[in-house]
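Engineer: Below is the sequence, then the predicted model.
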Amino acid sequence: MKRYISNLFAGLIMVGLTLPATSFAQNADEVFRAAGSPHNPKVDIAFNRYYTAEGLAEISKKIAAAHPDLVRRVSIGKSYEGRDIWMLQVTNYKKGVADRKPGFYVDGNIHSNEIQGAEISIYTAWYLTENFGDVDYITDMLDNRIFYIVPTINPDARNNYMKEANTGSSPRSGMMPLDDDRDGLVDEDGLDDLDGDGSVTSMRRKSEYGDFIVDPLDPRKMLQIGPDDITTAQRYEMLGSEGIDNDGDGRVNEDRPGVYDPNRDWAWKWQPDYIQRGALKYPFSAPENRAVADFVLAHPNIAGAQSFHNSGGMILRGPGAEEDLATYNRADLRIYDAIGMKGQKMLPGYRYLTVYKDLYSVFGGELDWFYGSRGIYTFTNEIFSSFAYYKSNNPDRNQSYDFDQELLAGDAFTPWATYNHPTYGEVEIGGFKKNFGRATPGFMLEEELHRNMAFALYHAHHMPLLSIDKVTEKDLGGGLREITVVIKNDRMMPTHASQDLKYKIERPDFVTISGVDVQAGMIVQDLDLNLSTEQKVDPAKMVLESIPGNGIVTLRWIVSGKGKAKITVDSAKGGVITN
Amino acid sequence: MNQKVKKWVLGALFLFSVSLQAQDYNNANQLEQRLKQLAGSSPDVKLESITKTDGGKDIWMLTLGKGDVDSKPAMAVVGGVEGAHVLGVEMAVRFAEGIVKDNANVLEKTTFYVFPNMSPDATEQYFAKLKYERSGNAKQTDDDRDGKLNEDPFDDLNGDGIITWMRVEDATGDWITHPADSRVMIKANKGEGEKGKYKIFTEGRDNDKDGSFNEDGEGGIHFRKNLTYEFPYFEAGAGEHSVSEKENRALLDFLYTKWNLYSVFTFGPGNNLASPWKFNRAGASKRVVTSILSEDADLNKFISDAYNKTTGMKNAPASGEQGGDFLQWAYFHFGRLSVGTPGWWAPTVKDEEGGVANKDKNQEVNFLRWAAQENLSNYFVDWKEISHPDFPNQKVEVGGIAPFKMNNPPMSMVGDASKKNNDFIVELVGMQADVKLVNLKSEAVGKGMTRITVDVYNAGTLPTHTQMGTRSRWLMPIRVEVKLGKDQEVISGRRIMTINNLDGDGSQQFTWLVKGNGSVQIEAGAPHAGVDNVTVNLK
């Protein structure tokens, strides 16, 4: 209670100093806890809307300010346009050494129009910090793990998506200018929001040769005329996305901001643009990705990772490329499958899939770099699918229109309206807005964020959790003692993924004994049959290539001297444990 | 001054300057002085540092050119891609010096970006107290990934200041002596019943007692193991990912901004000039291309023939390409015409009558014979028994070919090799693509309309694009544009068109129907292939 009060007090001061009045927590008497959600959080955040890069930066600042013992907010680098790439490092800083705990990395928004990941990241940081001390699962999580959360690794283009002329599927790229049409000019003919509704929708024109008519029962919808159809209705031709030929080269919207694919920029089996469209000059050409890679390389404690994209309702694992099939070996796939199948249950409408065979076969993806190059188990979730509209796997083909009308009050659609186009003459512009189709609608957003976070937490839960389980001593006479130690890993992941072991990506785990004079040291394979392998060199520091998931390693030393033995397990991905 | 006297004076000056040249290869400081001197000697030379390595060494770049250098077709000349190949540095510098002194007229049409040394951290080992062939830069690396840094370096067991080899008599070893020269060690051919008698290690102790010798010494990442083509993941010296190093990144960042680059010439172990890369249909047709493409193979053959003819160099040792190297990167991932050569190798020595023949053409045997014939010194350390703590009961000898000697000849021989290679480079750029507009015709069609016909012609011998280059986003197509004035309009034909490639002596015809008065300008070309303009008076 005392801690609660002092925390609340500190929180009030922090929040009061940094936040506007509306962000004050509610009076505790006025609320009743809904299961599983922080009922009176120090930081109030609306989870039924999206935030710009600056909005995210501001919220992350508030979270860090409200929870100084749980959050460090650091900039891991600058974006191309000079924005900070903010990371929230969330753990219980009062326990253990933060960067030596098993680490879980989360990011969102690598594809700039795929925005939910940033909100999932924010929700995760918020949920962890607001539930710490109240919910044991979360408290244990922050006692024993550290989360490295980067809400957006593409802040420039996130803002471009939100503020500039875009469809729901653009820009995807980052903002480094490139000459897409190889005419010597860069980014000279992008999309245009001609009707000023904030979205790039479609253009249609009345035409006696057109292939479309307006659905007589729904003026929003265009129907394609089939070869046997007879129609007397007004025919239309579709003229593509809203835009004009800005550079007068006879093509419309052909050189947009960017264009490259930040998720073809990662170093595992990287291939150049002519093989893998969207790749840049060399791996980590995008400064945002480089910041992440440098951070990960400097943090070998990261054992699990999650990136968030949209859409389609998928929990994806690698390999990204068919040619890379051999990298994902059987032992590691057992772990992927266990977590992925759990995710399928936790995320109705989502399927656990493999990128190269279920999506497309591509090189240079983030998840492949994390796993292939660093031995970190990594998933990419494609947030949101049409399942969500009516919680049905058998969608009606009109459901987007129905959903807009029945549940969104028609807010997702810009009605067709005439526009005088410089090239095409009188056209009509209209269609679904850019925030519909891929981005989760507001009223469903919190659930989407929560379920995806829960999946990430399950993944993080199964990072190695080491303990020195048993230490037994036997007097061998002649001043010698035999010390037998059982080191236990309570979770599914080993300290070294199978891919890691194959290439010795991370150094081995070390188990040291001190306070005694070590005469011999060995790894015990079978206690009953007394089978063991001696380590001839430096037995006081035993070298373990890995500590298996849900398993044990038994070590034995023959020592002399009277002192009490102190044992330390030092594992890059499993943390540091002392008895 | 009559021509004869002039020639004589120049010749004397040349000899004089040669006599001033160092008797050995340049260390970083000497190189810097030499480059600064060159830059100060001519307005055609610009010197800059594009980055500093982890070891604090500059990566120098010379721009050789006249006028608007970045708008002329250009070649990059790169040396020091392999730290043990200090000759490559010397060849690149001498190339630059040679152009300035003897061939400055080439700069009217071609710009050169010369990077004399891409491995300055590594090449310093040649000049260090303890000499060994080093490829890695100054980055701290845990080469054997055991959690310890640099815990097992070489050890100079015989105290001669250089690292050679150890041979250990051991029935379980795989090595035997060469029949033509017992100083040379080769692998026993077990298929023919030979039995190994030695184990071979580099000179040193197993300092960390892990069973491997000298597997984690100082340095570092190899420039030519750190590029993207067939990057050798997790190999010592490769780096944690491709293009991780400052020098690799700085060079690529520069090259990618130079749209005028059509070719890259590398002085290093890779050699596709003595014999061209071979086309392999399966490798060329996979998504991840691993063979030179067929048209480029023909081009490589053509260039290689020219190289062999011009330099007269024969019997080159096998080319030393490897995953992550620069020579292959410049073609496979950068799409440019990429050619390379070590610049020099020991000529083949004929078997002496009565002596044992070097039947398998062993390069080391040949080198030793050549070195003896040329009276070189210190090229071999005679095998001498030492007592080795890791082999208490075995006979261990230290010796072997001295580091650097096989691939870096005495300075007295470099001049000749350099001249041959420089002559070839001048010949090669003389063949570069040169886009011209020819056969211009304009005819009145009536009603203020003019039909314009013109051939876009490549007056060079080389194609405007390698076949690989046509696939690259980073090489511009030939762009053909009609520049219109006021009240002018293209009635038929596209105003702007592109051509993916024009072969040497190849052409493509264009026709437009233009309406209006006055004149229009037609422009064709690409930064790396030359640009031409013509003005057409409308009828």
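Structural biologist: Good, I have the coordinates.

Engineer: going forward, measure contacts between C-alpha atoms and count neighbours the same way
Structural biologist: Noted.

Engineer: What pLDDT does the model give the residue in the stretch 101-250 of chain A positioned nearest to chain B?
Structural biologist: The minimum distance from the stretch 101-250 of chain A to chain B, using C-alpha to the nearest C-alpha, falls at residue A:182 (6.2 Å). Per-residue pLDDT puts residue A:182 at 86.

Engineer: and the spatially closest residue to residue B:401 that is not a sequence neighbour, how far is that from residue B:204?
Structural biologist: Among residues not flanking residue B:401 along the chain, residue B:380 sits closest, at 4.4 Å (C-alpha to C-alpha, 6 or more residues apart in numbering or on different chains). Distance of residue B:380 to residue B:204, given as C-alpha to C-alpha, to the nearest Å: 18 Å.

Engineer: Then residue A:509?
Structural biologist: Using C-alpha to C-alpha, one gets 28 Å for the distance from residue A:509 to residue B:204.

Engineer: quick one, which of the two is more surrounded?
Structural biologist: Remark: of residue A:509 and residue B:204, residue A:509 carries more neighbours, 25 against 22, as counted by other C-alpha atoms under 10 Å in any protein chain shown.

Engineer: for the more buried one, which residues make a bridge with it?
Structural biologist: Judged by DSSP bridges, the bridge partners of residue A:509 are residue A:544.

Engineer: contacting residues around the residue of the stretch 301-450 of chain B found nearest chain A?
Structural biologist: Using C-alpha to the nearest C-alpha, the closest approach of the stretch 301-450 of chain B to chain A is made by residue B:333 at 6.1 Å. Contact analysis of residue B:333 by C-alpha atoms under 8 Å, 6 or more residues apart in numbering or on different chains lists A:272, B:228-229.

Engineer: Now, of the residues you listed, which are buried?
Structural biologist: Burial by neighbour count, judged by 16 or more other C-alpha atoms under 10 Å in any protein chain shown, picks out A:272, B:228-229 from the contacts of residue B:333.

Engineer: What's the local residue count around the closest residue to residue A:432 other than its chain neighbours?
Structural biologist: Residue nearest to residue A:432 in three dimensions, not counting chain neighbours: residue A:413, with 4.3 Å by C-alpha to C-alpha, 6+ apart. Residue neighbour count, defined by other C-alpha under 10 Å, stands at 21 for residue A:413.

Engineer: Hmm, residue A:434 and residue A:413 touching each other?
Structural biologist: No - using C-alpha atoms under 8 Å, residue A:413 is not in contact with residue A:434; the gap is 9.3 Å.

Engineer: that older thread, got phi/psi on the residue nearest to residue B:401?
Structural biologist: Main-chain dihedrals, residue B:380, degrees, to the nearest 10: phi -140, psi 140.

Engineer: The residue of the stretch 101-250 of chain A closest to chain B against residue B:472, yeah?
Structural biologist: No - using C-alpha under 8 Å as the test, residue A:182 is too far from residue B:472 to be in contact (10.4 Å).

Engineer: Who has more neighbours out of the two?
Structural biologist: Each of residue A:182 and residue B:472 has its neighbours counted (other C-alpha under 10 Å); residue B:472 has more, 21 against 16.

Engineer: ok so, going back, list the residues that contact the residue nearest to residue B:401.
Structural biologist: Residue B:380 makes contact with B:368, B:399-402, according to C-alpha under 8 Å, 6+ apart.

Engineer: These in helices, which ones?
Structural biologist: Using DSSP state H, the members of the contacts of residue B:380 that fall within helices are residue B:368.

Engineer: Just flag the most distant two among the contacts of residue B:380.
Structural biologist: Checked with C-alpha to C-alpha, the contacts of residue B:380 reach their widest spread between B:368 and B:399, with 13.6 Å between them.

Engineer: Name the nearest residue to the residue nearest the centre of chain B, sequence neighbours excluded.
Structural biologist: With distances taken as C-alpha atoms, centre = their mean, the residue of chain B nearest its centroid is residue B:266 (1.1 Å). If the residues on either side of it in the chain are set aside, residue B:266 comes closest to residue B:340, at 4.4 Å by C-alpha to C-alpha, 6+ apart.

Engineer: What does the pLDDT read for residue B:108?
Structural biologist: Confidence score, pLDDT, at residue B:108: 98.

Engineer: Distance check, it against chain A.
Structural biologist: Relative to chain A, residue B:108 is positioned 24 Å away (C-alpha to the nearest C-alpha, to the nearest Å).

Engineer: what's the closest non-adjacent residue to that residue?
Structural biologist: Per C-alpha to C-alpha, 6+ apart, closest to residue B:108 is residue B:66, 6.1 Å.

Engineer: Next up, the contacts around the one you found.
Structural biologist: Residue B:66 sits in contact with B:44, B:107-108, B:111, where contact means C-alpha under 8 Å, 6+ apart.

Engineer: Which one of the residues you listed is nearest to residue B:215?
Structural biologist: residue B:111 (42.7 Å).

Engineer: these two touch, right, the closest one and residue B:68?
Structural biologist: No - at 9.2 Å, residue B:111 does not count as touching residue B:68 under the criterion of C-alpha under 8 Å.

Engineer: ok so, going back, what's the helix or strand for the residue nearest to the centre of chain B?
Structural biologist: Assessed by DSSP states H and E, residue B:266 sits inside strand B:261-267.

Engineer: What helices and strands are in contact with that strand?
Structural biologist: Contacting strand B:261-267 under the criterion 3 or more C-alpha pairs under 8 Å, 6 or more residues apart in numbering or on different chains; DSSP states H and E are the following elements: strand B:74-78, helix B:86-102, helix B:326-332, strand B:337-341.

Engineer: Longest strand in chain A, please.
Structural biologist: Ranked by number of residues, the top strand in chain A under DSSP state E is strand A:466-477.

Engineer: mind listing the strands in the stretch 201-350 of chain A by residue range?
Structural biologist: A:202-206, A:212-214, A:222-224, A:236-241, A:302-310, A:314-317 (DSSP state E, counting those that start in this stretch).
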